[in-house]
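Engineer: Just a sequence and a predicted model for now, questions to come.
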Amino acid sequence: MSNNESLFSNTLLKEPRVDNDNIEFRSLEITDYEKGFSEVLQQLTEAKFEKSKFIERYLQMKQYNDTYFVIVAEDKSSGKIVAAGSLIVEKKFIRGVTSCGHIEDIVVDKTYRGKNLGLKIIQQLKHLGKIMGCYKLILDCDEKNEKFYAKNGFERKAIMMAVYLPTPKL
Ligand SMILES: CC(=O)SCCNC(=O)CCNC(=O)[C@H](O)C(C)(C)COP(=O)(O)OP(=O)(O)OC[C@H]1O[C@@H](n2cnc3c(N)ncnc32)[C@H](O)[C@@H]1OP(=O)(O)O
């Protein structure tokens, strides 16, 4: 595998992929561990992992490249990952055997917030959801982020419930 091979094809993404501030929106690459992918995710939740674990998970996801879409934003002037977001496409039997898209793990580096990077990540994920045939996109978020998602066309529906299970040893 070449070093810059990506999780899924960038041709699926919406143009333009590079904004006026030289931020590139692209598919996650296997070299992004070195570019600070874990550090950005740590601004969302617990996300410390070794490079070997990153590569293992990346390769697992890549086997299902019509299901896992992880987008990152790289600041081309520093070579650092400054935002990320994921879409997981769940194949369904219902609704005409279509798919439901799950938006997950949206995060923008603290020093880059308020510059529409979150908005651009969501726009890219919505575009991917559309071309992958999702009939809806859903997500869970804190109350404090409701307005951000509302600005991106999402509306409050039902409630979220969760049960946390013991983490299996992989
Ligand atoms: C499904 C999930 O992953 S939920 C987890 C969400 N992620 C987090 O909580 C991690 C920490 N937070 C962040 O990383 C960021 O603050 C994000 C992702 C929530 C927002 O990213 P940003 O790049 O700062 O947002 P962006 O600049 O694109 O904002 C777009 C619009 O939403 C507004 N907005 C952004 N965040 C908020 C907020 N928390 N409350 C109200 N409005 C907001 C902005 O003001 C802007 O509005 P405007 O177009 O009228 O000016």
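Structural biologist: Looks like it came in fine.
Engineer: pLDDT value on residue 109, please?
Structural biologist: Predicted confidence (pLDDT) for residue 109: 98.
Engineer: ah, wrong one, I meant residue 170
Structural biologist: So residue 170 comes in at 63 (pLDDT).
Engineer: residue ranges for the strands of the chain, please.
Structural biologist: Counting by DSSP state E, the segments of the chain that form strands are 23-27, 68-75, 80-91, 99-108, 134-138.
Engineer: you'd agree residue 79 is up against residue 35?
Structural biologist: Yes - under the criterion of CB atoms under 8 Å, residue 79 makes contact with residue 35 at 6.0 Å. The C-beta positions use only the backbone N, C-alpha and C, and glycine is treated the same way.
Engineer: more crowded one of the two?
Structural biologist: For residue 79 versus residue 35, neighbours defined as other CB atoms under 10 Å are more numerous around residue 35 (18 against 10).
Engineer: residues contacting the residue found closest to the more buried one once you drop the neighbours it is linked to in the chain?
Structural biologist: Distance criterion CB to CB, 6 or more residues apart in numbering; nearest residue to residue 35, sequence neighbours excluded, is residue 81 at 4.8 Å. Listed by CB atoms under 8 Å, 6 or more residues apart in numbering, the contact set of residue 81 reads 32, 35, 36, 37, 39, 40, 72, 73, 74, 109.
Engineer: quick one: which of those is most hemmed in?
Structural biologist: residue 73 (27 neighbours).
Engineer: How about that one: what's its closest non-neighbour residue?
Structural biologist: residue 83 (3.9 Å).
Engineer: Please report how far that neighbour lies from residue 100.
Structural biologist: 24 Å (CB to CB, to the nearest Å).
Engineer: neighbours around whichever residue of the chain sits closest to the ligand, how many?
Structural biologist: Closest to the ligand within the chain is residue 118: 2.5 Å, counting by CB to the nearest ligand atom. Using other CB under 10 Å, residue 118 is surrounded by 22 other residues.
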